[in-house]
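Asks: got a structure for you, letters missing:
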């Protein structure tokens, strides 16, 4: 009890310090123009090196969002630009919540505003979806500042800091903006939209088990069903919005229409396509620090999501970004055959699954005649392709597991008897008295293999 009370006290002290620091920084940034703040923020991008753990995340996100032919040098350059724009946008955001209407309007250049105006004229309210990009604090102020007769609201995530949260909420409520917590019932924002309100939702974040599985830049992820859900219950049109830096302290805000066929109801898959369009307006202005396609460490074969995968019918022939898994095979052909049921089940478990098999060169033919779709890699070549997110050891041979560890630096899952030392090795605990075929099948289940398999639904 004493330890909990002490931890709670320390947390309150931390919150008070954060609150005070925020007020001091906010007062300081108020002394500068938006242009000066943007330039200062851009020059402070070297601070991104203090967050080195985020660099691989940004690069991985960019690899997904960019053309497959983009070189690693280009990705490195764009990664630096992402950090430069992120620090600049963040610093200017500290001032954005306190600007007058005239200053907000002078910092924003609207483009294709007629799309939003036509949606408002329908009289059913509007659902405004946006990726997390640009000066997001200024973005929340823009519509209220330029159209004070419009009712505007946004979904927000409350801060843990009990002192800072009400202050930030007050800043975001400037220019008559209404705020709805993401943790409250959907009924309040639905009622707001039905009353002809414009509701903003930042929808490009991972939604976990409550989300809908859709492709985002061709890569499956769980996305919030909220915009599509509100659209279904209100009939309100959906409009996308992007924010692109055009010069220091000035941003272009562009509106986008979803691509739908006549009579087609907007789904989360349509929302994902709309967010792709908005994001592509300025890749470097997007907040790529979140690991959108992060693996669940305990169940890495699983895509968390309540429904899906859903794909748009016009993308039926477009291949998904492969979810590649490296398998260290047994060196014995008879033992290899006992892994096949689990390998086949994993391959069928999700539409984006791509098997990479690692074994002795003499096993290449054995793997080929199995009929299992795969890419084979010889252990003797001492080479593996890049960007394979995880590896499984499907053999009892401790030496074979050690050889994999010499070649692969990502997360490796194995049974305890083949576990090696190192932070990237993770044990899989299963029933020990099972026949080999069932052992490997249970290992796959323990790691989140979908049963029944995920089947794509085309809309």
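Replies: Thanks, I have it. What you are looking at is a predicted structure, and each value in this text was computed from that prediction instead of being measured. Numbering: from 1, shown residues only.
Asks: my guess is residue 194 contacts residue 234, does it?
Replies: Yes. The pair residue 194 / residue 234 is scored as a contact, 5.4 Å apart, by C-beta atoms under 8 Å. Heads up, the C-betas are built off the backbone N, CA and C, glycines and all.
Asks: of those two, which one has the most company?
Replies: More crowded of residue 194 and residue 234, by other C-beta atoms under 10 Å: residue 234, with 21 against 15.
Asks: report the buried residues of the lengthiest helix in the chain.
Replies: Counting residues, the longest helix found in the chain (DSSP state H) is helix 2-29. By neighbour count on 16 or more other C-beta atoms under 10 Å, the buried set for helix 2-29 is 15, 19, 22, 29.
Asks: what does stretch 150-160 give?
Replies: Applying 16+ other C-beta under 10 Å to stretch 150-160 flags 150, 151, 152, 153, 154, 155, 156 as buried.
Asks: for stretch 282-301, same thing?
Replies: 282-290, 292-293, 295, 300-301.
Asks: now do stretch 248-266
Replies: 248-258, 260, 266.
Asks: so where do the helices sit in the stretch 1-150 of the chain?
Replies: For the stretch 1-150 of the chain, the helices defined by DSSP state H, counting those that start in this stretch cover 2-29, 34-43, 54-65, 72-96, 101-107, 113-121, 136-146.
Asks: ok, so what distance separates the residue nearest to residue 54 when sequence neighbours are not counted from residue 51?
Replies: Counting by C-beta to C-beta, 6 or more residues apart in numbering, residue 54 lies nearest to residue 289, which is 5.2 Å off, once chain neighbours are set aside. Remark: distance between residue 289 and residue 51 (C-beta to C-beta, to the nearest Å) = 8 Å.
Asks: what does residue 261 give?
Replies: Applying C-beta to C-beta to residue 261 and residue 51 gives a distance of 43 Å.
Asks: one more: residue 208?
Replies: 23 Å.
Asks: backbone phi and psi for the residue most central in space within the chain, please?
Replies: Geometric centre of the chain, nearest residue: residue 292, 2.0 Å, by C-alpha atoms, centre = their mean. Backbone torsions of residue 292, given as degrees, to the nearest 10, read phi -60, psi -30.
Asks: tell me how far it lies from residue 454.
Replies: 18 Å.
Asks: now swap in residue 146 and tell me
Replies: 44 Å.
Asks: and what of residue 76?
Replies: 34 Å.
Asks: out of those two, which sits in the more crowded spot?
Replies: Shown here are residue 76 and residue 454; by other C-beta under 10 Å, residue 454 has more neighbours (20 against 13).
Asks: now do the contacts for the more buried one.
Replies: 213, 303, 308, 309, 349, 350, 351 (C-beta atoms under 8 Å, 6 or more residues apart in numbering).
Asks: picking up where we left off before, common neighbours of residue 194 and residue 234, please.
Replies: 124, 125.
Asks: picking up where we left off before, just how off-centre is the longest helix of the chain within its chain?
Replies: 29 Å (C-alpha atoms, centre = their mean, to the nearest Å).
Asks: list the helices and strands that helix packs on?
Replies: Helix 2-29 is packed against helix 72-96, helix 164-172, with contacts defined by 3 or more C-beta pairs under 8 Å, 6 or more residues apart in numbering; DSSP states H and E.
Asks: ok, which of the ones you listed comes nearest residue 379?
Replies: Among the helices and strands packed on helix 2-29, the nearest to residue 379 by C-beta to C-beta is helix 72-96 (25.6 Å).
Asks: what does the closest one rub up against?
Replies: 25-26, 29-30, 32, 34, 37-42, 44-45, 47-48, 55, 58-59, 62-63, 66, 104, 107, 134-138, 141, 245, 248-249, 283-289.
Asks: of those residues, grab the buried ones for ChimeraX.
Replies: Burial among the contacts of helix 72-96 is assessed by 16+ other C-beta under 10 Å; the matching ChimeraX selection reads:
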select :29,32,34,37,38,39,40,41,42,45,48,55,58,59,62,63,66,104,107,134,135,136,137,138,141,245,248,249,283,284,285,286,287,288,289
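Asks: sorry, back to before: residues in contact with the residue nearest to residue 54?
Replies: Per C-beta under 8 Å, 6+ apart, neighbours of residue 289: 51, 54, 57, 58, 86.
Asks: does residue 201 really touch residue 129, like I thought?
Replies: Yes. Assessed by C-beta under 8 Å, residue 201 is found in contact with residue 129 at 5.4 Å.
Asks: who touches both of these two?
Replies: residue 227.
Asks: higher neighbour count, those two?
Replies: It is residue 129, of residue 201 and residue 129, that has more neighbours when counted by other C-beta under 10 Å, with 27 against 22.
Asks: from residue 113, how far out is the more buried one?
Replies: If you go by C-beta to C-beta, the gap between residue 129 and residue 113 works out to 16 Å.
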